[in-house]
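> no sequence on this one, just coordinates:
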């Protein structure tokens, strides 16, 4: 029997085409790893396995690519959260607890927290990018929280409070928990028991605190 030599392996070739979603996924990973300023379009194309020219078929520049990342990742999560609140038929407190909990869970996992940290670190250097994130993500989240608090006040479940400042107070601890858990949190007890932080936060809000029921 004649044994034929195995065919020589072909060198790996770069893909000529890639769906926009694959480019966005590559960009998200690099933005989180390297930051906005340090990420080059060449790097994104290489991570996706395409040429830089292919990337330009879909995105004019890095800012357009970043906006696509926000639309694909963060805004989809926002839509899920809005749907959860819309389906909630219980109390305002229950809706607010569910909303804050799911936001913490989602922002503490995956690449979403990386985008949040990226905005905190680089907003001053890239104001247009920061403005887009604020207008499409932060403002939308604030409006959702504000609506729940307003409903709770109207229905007599929460005591009257200033809606704007209260909304900011509600957001801040969740943002801090997400950022801290993926930065300095590994050096503290928070890394081991983030649920305790969340329980303490909710207790401060409702058990005689900021959003306690009005006194008869």
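Structure received. Small disclaimer: the values here were computed from a predicted structure and weren't measured. Numbers count the residues shown, from 1 in each chain.
> could you check how far stretch 54-74 is from the centre of its chain?
Here stretch 54-74 is found 16 Å from its chain centre; the criterion is C-alpha atoms, centre = their mean, to the nearest Å.
> end-to-end on it?
25 Å (C-alpha to C-alpha, to the nearest Å).
> contacts for that stretch?
16-18, 20-21, 23-25, 27-28, 31, 36, 39, 41, 44-45, 48, 111-112, 115, 128-129, 132-133, 136-137 (C-beta atoms under 8 Å, 6 or more residues apart in numbering). Bear in mind the C-beta positions are built from the backbone N, C-alpha and C, glycine included.
> narrow these to those in helices?
Counting by DSSP state H, these place 20-21, 23-25, 27-28, 31, 41, 44-45, 48, 112, 115, 128-129, 132-133 in helices.
> which of those residues count as buried?
23-25, 27-28, 31, 41, 44-45, 48, 112, 115, 129, 132-133 (16 or more other C-beta atoms under 10 Å).
> looking at those, which is nearest residue 78?
Closest approach to residue 78 among those (C-beta to C-beta): residue 112, at 10.2 Å.
> chain center to the helix of greatest length in the chain, what's the gap?
In the chain, assigned by DSSP H, the helix with the most residues is helix 163-181. In this view, helix 163-181 has its centroid 13 Å away from the chain centroid, taken as C-alpha atoms, centre = their mean.
> buried residues, it. List them.
166, 167, 170, 171, 173, 174, 175, 177, 178, 179, 180, 181.
> just checking, next helix/strand downstream of that helix?
helix 194-206 (DSSP states H and E).
> avg pLDDT for that next one?
Within the predicted structure, the mean pLDDT of helix 194-206 is 84.
> over to stretch 96-111?
76.
> again, but for stretch 123-134
87.
> endpoint to endpoint, that stretch covers what distance?
Start-to-end, stretch 123-134 (C-alpha to C-alpha) is 10 Å.
> what sits up against that stretch?
Here stretch 123-134 has contacts from 36, 37, 63, 66, 67, 70, 115, 119, 122, using C-beta under 8 Å, 6+ apart.
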